[in-house]
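Novice: Need the 3D shape of this:
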Amino acid sequence: MEGNAIQKIIECQEKDFIGNFTEVVAACKSLIFCRSTPAQKGSIVKFFKVNFKKTVLAIGDGGNDVNMIQEADIGVGLMGKEGNQAASASDFSLCQFRFLDRLLLQHGRWAYYRIAYFFVYFGFKNMLITFVLFYFLAYSGWSGANILSSAYLTCYNSVISVFLTIYYGVLEQDINCDMYSPAYTLMPYFYKEYKRIGLFSYKRYILWSIGAIAASAWIYFTTVYGIGFFGPTDSVGRVADERSLSSSLSLTSFLAITIVAYLDMYNFTIFSWFVFGVLTILIALIYFIIENFLNIGPNYYAWSDNFNLKWWLVILLQFCSVLAVRVAYNTLRFNVWPTLVQQWMIRRNRDYTIKHKVEAVVSFGRELEPIPETTYRLQ
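Specialist: Here you go, the predicted structure:
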């Protein structure tokens, strides 16, 4: 279509004509516009946004594409012989057009997964701590008492668990097709799979919310009745009180959200180990030492003997129970209801294992055994 025809279509006010034209365009696999002015290019993008109600991406390499790029929901500019005007006005800039598929299907898929998991995980960890407070409020006769220290509630999102959410929101990956080339041609299927299973949906958020309510109930009631059953006392014979219960609940809730984040992580790298092992665990350990073991902490004077083995036994039982439930859930998810991405993650791990075995056999000069071939179906 040429620019004059485009202008007449855009200026047309007849709904029947616009509806028929929209149906024709929707039936086409591609549509070529030529001899268009910069204003007409922007009008074309706006026409598709208004009439198709879809997310529109525009890509260009010159100054005459700036209107189109800025009008689109996602603007991509190419840096080339025509200058950097398009790249400066765009949301993303590329050196070559061939990188567009990686931008959409790999980095776009990662961004979709990160945002979806960040959303449900952030809600999970906050609902967990909120319902712990709610259960104690009910047990204390709706007195308004707070079982967890103000310092812990202040540091819960800002210090203790902040690196977990940052990591999942910025750096988490499922399959890196640049490092595992057999999966490169399946990137469109991976992207469609995430949309098919509703990775960012109300259903998933509701399921995570139910899990948070169940986990908080388990943590609270096993702490209350576990400490009551074992009856731990400190070195001078004082029984556990409200602030010792606070110490147990705060430590167990932190372990629960850390277990969930660690077991759901796909991308095990040196940096991910640093985030979990150094930043998260170390900062939380420093906080709990200050709160419970030093005389400047709010929980120290009430129950000073935190080295009581019975108290730590309750913490250990809660940790193992939460770990067992999450491991069982992830095992069923990978082996009974695996998504296409998870199937190829299993295949990637198998290929890496076979590669290492082959390298070990070759290094020792032994004969290679035939490697069985496995066919993976597309869902």
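
Novice: Report the residue spans of the stretch 151-300 of the chain with pLDDT below the cut-off.
Specialist: 229-240, 292-300 (pLDDT under 70).

Novice: 50 instead?
Specialist: For the stretch 151-300 of the chain, not a single residue meets the criterion pLDDT under 50.

Novice: Would you state the helices of it in chain order?
Specialist: All helices of the stretch 151-300 of the chain, identified by DSSP state H, counting those that start in this stretch, fall at 162-170, 187-196, 202-230, 242-263, 270-273, 281-292.

Novice: helices or strands up against the last one?
Specialist: Contact here means 3 or more Cβ pairs under 8 Å, 6 or more residues apart in numbering; DSSP states H and E; on that basis helix 281-292 packs against helix 150-155, helix 242-263. The C-beta positions use only the backbone N, C-alpha and C, and glycine is treated the same way.

Novice: Same question for the longest one.
Specialist: Using 3+ Cβ pairs under 8 Å, 6+ apart, the elements in contact with helix 202-230 are helix 108-139, helix 242-263, helix 309-335.

Novice: could the ones you listed go into CSV alongside mean neighbour count and distance to A58?
Specialist: Listed next are the helices and strands packed on helix 202-230 as CSV, based on neighbours: other Cβ atoms under 10 Å; distance: least, Cβ to Cβ, whole Å:
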stretch, mean neighbour count, distance to A58
helix 108-139, 18, 15
helix 242-263, 22, 37
helix 309-335, 14, 38
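
Novice: Same list, these, but as CSV with distance to Q13 please.
Specialist: Shown next, in CSV, are the helices and strands packed on helix 202-230 (distance: least, Cβ to Cβ, whole Å):
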stretch, distance to Q13
helix 108-139, 36
helix 242-263, 54
helix 309-335, 53
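
Novice: so how far is V325 from the residue lying closest to Y121 once chain neighbours are set aside?
Specialist: Spatial nearest neighbour of Y121, excluding adjacent residues (Cβ to Cβ, 6 or more residues apart in numbering): Y168 at 6.1 Å. Between Y168 and V325 the computed distance is 20 Å (Cβ to Cβ, to the nearest Å).

Novice: before we move on, back to that, looking at the helices and strands packed on helix 281-292, spot the one closest to G141.
Specialist: Closest to G141 of the helices and strands packed on helix 281-292, according to Cβ to Cβ: helix 242-263, at 13.6 Å.

Novice: Which strands or helices does the closest one pack on?
Specialist: When contacts are defined as 3+ Cβ pairs under 8 Å, 6+ apart, helix 242-263 packs onto helix 108-139, helix 162-170, helix 202-230, helix 281-292, helix 309-335.

Novice: State the mean pLDDT of the first one.
Specialist: When you say that, I think you mean helix 108-139. Confidence over helix 108-139 (mean pLDDT, whole number) is 91.

Novice: and it with helix 187-196, angle?
Specialist: 30 degrees (axes from the mean of the first three to the mean of the last three Cα atoms, to 10 degrees).

Novice: Kindly report the same for the fourth one.
Specialist: Orientation note: helix 281-292 sits at an angle of 30 degrees relative to helix 187-196 (the same axes, to 10 degrees).
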